[in-house]
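Visitor: need a structure here:
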Amino acid sequence: MISTASIRHTHTDTAAPPKAARLAGLIVSGLVVLFLLFDSVIHIMNTSQVREAMADLGFDPGLNRVFGIVLLICLIAYVVPATSILGAVLLTGYLGGAVATNLLTEQPIVSTTLFPIYTGIFVWGGLWLRDLGVRRIMPLRRA
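Guide: Numbering: from 1, shown residues only. Now for the predicted structure:
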């Protein structure tokens with residue numbers, strides 16, 4: 001049983017990350033959001049390029065708007081501070097589906113298949129830089 005006396009509360013529980021880290025996190029997160037927002041919008045608009053690309057991947061082009069709306073919902077959750085961790089988890093799942101699709105369709109590994117992983121690193125990296133709660137649950141440790 002854990003007693004309340006054994007739980008340590010410090011001033012960093014409510015403190016903000018250093019200003020430079022927070023700014024870097026906002027920039028990284030902003031760039032990721034802009035990129036994924038563009039992807040979401042072109043899926044919702046169901047452009048000819050998206051229809052063709054999705055058909056090449058084996059998806060029914062009628063699902064393009066669904067993909068766009070799902071991504072938009074994940075992005076909204078990521079942008080709202082109260083749900084940013086949930087949004088990052090949802091985006092991780094969405095990007096994992098992209099990796100699986102790229103593997104199944106035998107896309108080039110470094111440039112295409114791993115691109116959603118690179119994106120996920122920026123999703124979490126931006127959040128880690130700007131959110132002390134994320135730093136607490138995913139601390140960097142010395143070897």
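
Visitor: use CA for all of it now, contacts and neighbours both
Guide: OK.

Visitor: okay, how far is it across stretch 104-119, tip to tip?
Guide: Across stretch 104-119, the straight-line distance between its terminal residues is 19 Å, by Cα to Cα, to the nearest Å.

Visitor: need the longest helix for the chain.
Guide: The residue-count maximum for a helix in the chain (DSSP state H) belongs to helix 19-45.

Visitor: Could you point out the helix or strand that follows that one?
Guide: Heading C-terminal from helix 19-45, the first helix or strand you meet, by DSSP states H and E, is helix 48-56.

Visitor: Asn64 sits in which helix or strand?
Guide: Element membership of Asn64, judged by DSSP H and E, is helix 64-79.

Visitor: just for this structure, where's the confidence low?
Guide: Within the chain, the set of residues satisfying pLDDT under 70 comprises 1-14.

Visitor: rerun at 80
Guide: For the chain, the stretches with pLDDT under 80 are 1-15, 143.

Visitor: ok so, going back, what helices or strands is the very next helix or strand once past the helix holding Asn64 leaning on?
Guide: Moving toward the C-terminus from helix 64-79, the first helix or strand encountered (DSSP H and E) is helix 84-104. Applying 3 or more Cα pairs under 8 Å, 6 or more residues apart in numbering; DSSP states H and E, one finds that helix 84-104 makes contact with helix 64-79, helix 115-130.

Visitor: tell me which residues of the helix or strand just after the last one are tucked away?
Guide: Sequence-wise, the next helix or strand downstream of helix 115-130 (DSSP H and E) is helix 132-137. For helix 132-137, a neighbour-count test (16 or more other Cα atoms under 10 Å) marks 132-134 as buried.

Visitor: same question, stretch 67-81
Guide: Counting neighbours by 16+ other Cα under 10 Å, one finds that the buried residues in stretch 67-81 are 67-68, 71-72, 74-75, 77-79.
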